[in-house]
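Asker: need a structure here:
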Amino acid sequence: MLEITHLHVRVGEREILKGLSLAVHAGEVHAVMGPNGAGKSTLAHVLAGREGFEVTKGSVLFDGTDLFALAPHERAAAGLFLGFQYPVEIPGVSNLLFLRTALNAQRKERGEPEISAAQFMTRVRAEAAALGLDLEMLKRGVNVGFSGGEKKRNEAFQLAMLEPRLAILDESDSGLDIDALKVVAGGINRFRGPDRAVLLITHYQRLLDHVRPTHVHVLIDGRIVESGGPELALRLESEGYARHAA
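Answerer: Okay, here's the model as predicted:
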C-alpha cells in the first residue's frame, strides 16, 4: 500500500529525514517510535502534503501511484488520512458541516454519489456513541472549546466517518488520560481491517498496550535504525533510546 524508499526531506537549511525507507501493507499496523526531533512528525506532514517540507531525494508510492504527484486533497480522496498531534480549531464551521463537506468532496473526487443527510446522520449517531461524543458538541465549531482528549476523540470520529485506506496518526495518545486513551485506542482498533493500514507515530508504549502493532520501528536522526515486533516497543519502554543514539 505505502512504499517509502530512501526519503530525504529538509526544512530550510536543515535535513530532517536522511534516507528513510519503510513499506506498509494492507492489514498492518506500524508503530514509529523515537525521541523528540527524530523526524516522526516530519514524516507524517510530508506524506500528507504539508507545505514547507522539501523532498530532496527518494520516492513514496501509495497504491503504486507517486504520492508526491498528488495534491493534498487528492491524497485524501485516494484514501490517506492524517491525525494531527495538535488538532486545530476552526471557529464558525461546525464539526458536522465540516465532516459532511469533506466526505462528499472525497466521494465526488472518486466519482461516487453524495451521501444523503439521513445516511450521514445515521452514521454520525453510531460513531459518536461508540466514541462517547455528545451530538451537541458536534454542532459546535471544529474543536472549539474542546479539551485535549475531546479533540483526539473527534479525530477518531473523523477517521471512522471518512473511512480512509491508510491512517497516519501523529501522537494520538498525546495529552490523554487513561480513560480517553482507551476510547481513542478503541476507535483505532475498530478502524483496523484487511484492506486498511495504520501508521502510528508515538513516543511511548502506553498506546501500544491497547493497539497492538504488527511492526515497530525506531526512528533516530531521520533514519529507521531498528525494526521488530511488539516486543521492541516493550524493550524501548524499559531501555529508552540511548543505545540507538550512541
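
Asker: contacting residues for the residue nearest to residue 196 when sequence neighbours are not counted?
Answerer: Of all residues not flanking residue 196 in the chain, residue 165 sits nearest, at 5.6 Å (Cβ to Cβ, 6 or more residues apart in numbering). From N, CA and C alone the C-beta is placed, and that goes for glycine too. Residues near residue 165 by Cβ atoms under 8 Å, 6 or more residues apart in numbering: 1, 26, 63, 78, 79, 80, 195, 196, 197.

Asker: Check which helix or strand the closest residue in space to residue 19 that isn't next to it in sequence maps to.
Answerer: Nearest non-adjacent residue to residue 19, counting by Cβ to Cβ, 6+ apart: residue 6, 5.1 Å away. Counting by DSSP states H and E, the element that carries residue 6 is strand 2-11.

Asker: Residue 217 in helix, strand or coil?
Answerer: Secondary structure state of residue 217, per DSSP: H, G, I helix; E, B strand; the rest coil, is strand.

Asker: That one bridge partners, please.
Answerer: Counting by DSSP bridges, residue 217 forms beta bridges with residue 32, residue 227.

Asker: residues near residue 174, how many?
Answerer: Around residue 174 there are 17 other residues, counting by other Cβ atoms under 10 Å.

Asker: Would you check that it makes contact with residue 84?
Answerer: No - using Cβ atoms under 8 Å, residue 174 makes no contact with residue 84, being 9.8 Å away.

Asker: quick one on the thing from earlier: show the average pLDDT along the strand holding residue 6.
Answerer: What strand 2-11 shows for mean pLDDT is 96.

Asker: Any buried residues in it, and which?
Answerer: Buried residues in strand 2-11, counted by 16 or more other Cβ atoms under 10 Å: 2, 3, 4, 7, 8, 9, 10.

Asker: Same list (the residues you listed) but as CSV, adding distance to residue 93.
Answerer: Output for those, formatted as CSV (distance: Cβ to Cβ, whole Å):
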residue, distance to residue 93
2, 30
3, 35
4, 33
7, 34
8, 36
9, 31
10, 33
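
Asker: I figured residue 201 hits residue 42, correct?
Answerer: No - applying Cβ under 8 Å as the test, residue 201 and residue 42 come out as separate, 10.1 Å apart.

Asker: Compare these two and say which is more crowded by neighbours.
Answerer: Neighbours were counted for residue 201 and for residue 42 using other Cβ under 10 Å; residue 201 has more, 25 against 21.

Asker: Helix or strand for that one, just tell me which one.
Answerer: Judged by DSSP H and E, residue 201 forms part of strand 197-202.

Asker: Also residue 81?
Answerer: Counting by DSSP H and E, the element that carries residue 81 is strand 80-83.

Asker: Check which helices and strands that strand sits against.
Answerer: Identification of packing neighbours for strand 80-83 by 3 or more Cβ pairs under 8 Å, 6 or more residues apart in numbering; DSSP states H and E yields helix 40-48, helix 148-162, strand 166-170.

Asker: Please consider this matter closed, and thank you.
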